[in-house]
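> Fold the following.
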Amino acid sequence: MPVASESSKSSKNDVLEYIITHIFCPIKLPQHNDHTPDKDCSFLNVVLDSAWKFAASLPDNEHEQWSPLLKMLENLIVTMDCPVLTKDVVELQIKSMQAGDILVYLIQEQNAAVVLHRLDAKTIFESFEVSPQLLCLYPGPVIAVPNSVIDNSTFPPELANFLSCMSCDVLDPIAFEGETAHPRYITQLLTDILRAFSKPADIPCI
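Numbers count the residues shown, from 1 in each chain. Below is the predicted model:
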């Protein structure tokens, strides 16, 4: 029987510890950024596998409501496979959205995430802070953009370029260890840009 090298064992242990930490530990642990693309993909694959198993255990009439969530996780794994968002991938996903589809993008350097939920006539944009210092409102700003805007040929590439740049640009250097970036460039700037051709959406917040 082949024996795994110590380095591969260590790598698997690191990934397992990462998954356990981010599922079971309090929000402020660990006190350092332990994010890597391979750890995040492993984490997401565990979530997706569990979601598939859970959906398979449901009655047939409940499968339909889980289909968009499984598709969302699959698309998220594709975007998380690289250190930063890939513009072409994001653009293709936005152009391919059908009614009921959900897309999620982690904007790593801005400590923020964006959720797109396409409905029949509009697409709901939600943004929120990923690692809040104390308390946060979830979701943050919520904007309803008409699908006529989303389907305009210039919109997907411009949005994809914005999100891709924001996922890797360090705009506000962190002053102290343990601090997180302010999500203003997503929760405020992107929201204000979208407001030019949309309106706030009324949804429950936590």
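> Report the residue ranges of every domain in the protein.
What automatic domain parsing lists as the domains of the chain is 1-73, 82-206.
> and the ones you listed, which is most packed in?
Using mean count of other CB atoms under 10 Å, the stretch among the domains of the chain with the largest mean neighbour count is domain 82-206, at a mean of 16. Just so you know, the C-beta spots here come from the backbone N, C-alpha and C atoms, and that holds for glycine as well.
> Where does residue 157 fall, secondary structure wise?
Using DSSP states H and E, residue 157 sits within helix 155-166.
> what's the spacing between residue 93 and residue 197?
Applying CB to CB, to the nearest Å, the value for residue 93 to residue 197 is 21 Å.
> sorry, that was for residue 69
Between residue 69 and residue 197 the distance is 28 Å, computed by CB to CB.
> Could you do residue 190 as well?
The spacing between residue 190 and residue 197, counted by CB to CB, is 13 Å.
> just the strands in the chain please.
102-107, 112-118, 122-129, 142-146, 199-200 (DSSP state E).
> right, and residue 198 touches residue 144 too?
Yes - if you go by CB atoms under 8 Å, residue 198 and residue 144 touch, sitting 5.7 Å apart.
> Name the residues contacting each of the two.
Residues touching both residue 198 and residue 144 (CB atoms under 8 Å, 6 or more residues apart in numbering) are residue 125.
> Excluding residues flanking it in the chain, which one is nearest residue 194?
With CB to CB, 6 or more residues apart in numbering as the criterion, residue 194 has its nearest non-adjacent residue at 4.7 Å, and that residue is residue 143.
> Ok, residue 128 next?
residue 140 (4.3 Å).
> quick one: contacts for that neighbour?
By CB under 8 Å, 6+ apart, the contact list for residue 140 reads 126, 127, 128, 129, 183, 187, 191.
> how about 7 Å then?
Listed by CB atoms under 7 Å, 6 or more residues apart in numbering, the contact partners of residue 140 are 127, 128, 129, 187.
> cool, residue 34 as well?
Listed by CB under 7 Å, 6+ apart, the contact set of residue 34 reads residue 18.
> What does the pLDDT read for it?
Note on residue 34: pLDDT of 72.
> quick one: low-confidence parts of the chain?
1-10, 26-33, 133-134, 175-178 (pLDDT under 70).
> can you give me the helices for this protein?
Under the criterion DSSP state H, the chain contains helices at 6-24, 37-56, 63-79, 87-95, 147-150, 155-166, 184, 191-195.
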